[in-house]
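*Asks:* Requesting a structural model of the entry that follows:
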Amino acid sequence: MKLSLVFFSALLFLCSAGAGFADDSYKIIFETMDCSGNTGFATVGVDEIYKMNNGDCSEPDHPDRKLKQLLVHDGSGSYTAYTLTRDEAKNVMRDMKEYMRARKGVLERSDSIIIGH
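*Replies:* Prediction:
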C-alpha cells in the first residue's frame, strides 16, 4: 500500500512538473530602439514571431540605415511591433535560424515528437 502511494505521488509530481514546462517556448531576448534613440529590452517566444519589416524611421546614430520592425503575435489576433536596429535584427534572425536548425536536428536524429500549440 505504501509503495503504491509513493509511486502515485511521484507520478503526480512528474506530471505536474512536466505540465509547467510544456507552456514554456524558446525565448529570444533583444534590444529595442525607438526613432528618438531610446533603448530597452524585450523577450518573445520564437513561435510568436510573425515577420520582420523595414521600420518608418532611421537609426539616430546612422541616418542612412532604417530601423527594423519585428511583428509578434499578441494572442488576441493582433501584433505587437518592436523596433530594432539593423544589427539587432540580424541577431534575432540568426537566433531564430539556429533554433529552427536545432529543432530540425532533433527530428532527424530521433523518434521524438514535437507538439505545437
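*Asks:* Which strands and helices lie in contact with the longest helix along the chain?
*Replies:* Assignment by DSSP state H gives helix 86-109 as the longest helix of the chain. The helices and strands touching helix 86-109, judged by 3 or more C-beta pairs under 8 Å, 6 or more residues apart in numbering; DSSP states H and E, are strand 27-33, strand 49-59, strand 62-73. From N, CA and C alone the C-beta is placed, and that goes for glycine too.
*Asks:* which parts of stretch 63-72 are buried?
*Replies:* When burial is assessed from 16 or more other C-beta atoms under 10 Å, stretch 63-72 yields the following buried residues: 66, 67, 68, 69, 70, 71, 72.
*Asks:* Measure how far it is from the centre of its chain, please.
*Replies:* On the basis of C-alpha atoms, centre = their mean, to the nearest Å, stretch 63-72 sits 18 Å off its chain's mean C-alpha point.
*Asks:* Rounded mean pLDDT for that stretch, please.
*Replies:* Stretch 63-72 shows a mean pLDDT of 95.
*Asks:* Identify all contacting residues around that stretch.
*Replies:* Outside stretch 63-72, the residues that touch it by C-beta atoms under 8 Å, 6 or more residues apart in numbering are 30, 33, 35, 44, 48-59, 79-86, 88-89, 92.
*Asks:* Buried only: go through the residues you listed for me.
*Replies:* Among those, the ones that count as buried by 16+ other C-beta under 10 Å are 30, 33, 44, 48-49, 52, 55, 59, 79, 82-85, 88-89, 92.
*Asks:* ok, which pair from those is furthest apart?
*Replies:* Using C-beta to C-beta, the pair of the buried ones among the contacts of stretch 63-72 lying farthest apart is 48 and 59, separated by 24.9 Å.
*Asks:* Can you show me the CA trace of stretch 46-55 as PDB?
*Replies:* Provided in PDB are the C-alpha atoms of stretch 46-55 (Å, rounded to 0.1, in the frame of the first residue of the first chain):
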ATOM      1  CA  VAL A  46      10.200  32.300 -31.100                       C
ATOM      2  CA  ASP A  47       6.900  30.700 -32.200                       C
ATOM      3  CA  GLU A  48       5.100  34.000 -31.600                       C
ATOM      4  CA  ILE A  49       7.200  36.000 -34.200                       C
ATOM      5  CA  TYR A  50       5.400  36.700 -37.400                       C
ATOM      6  CA  LYS A  51       7.800  38.700 -39.500                       C
ATOM      7  CA  MET A  52      10.400  41.400 -39.800                       C
ATOM      8  CA  ASN A  53       9.800  44.600 -41.900                       C
ATOM      9  CA  ASN A  54      11.600  47.900 -42.500                       C
ATOM     10  CA  GLY A  55      10.700  50.500 -39.900                       C
END
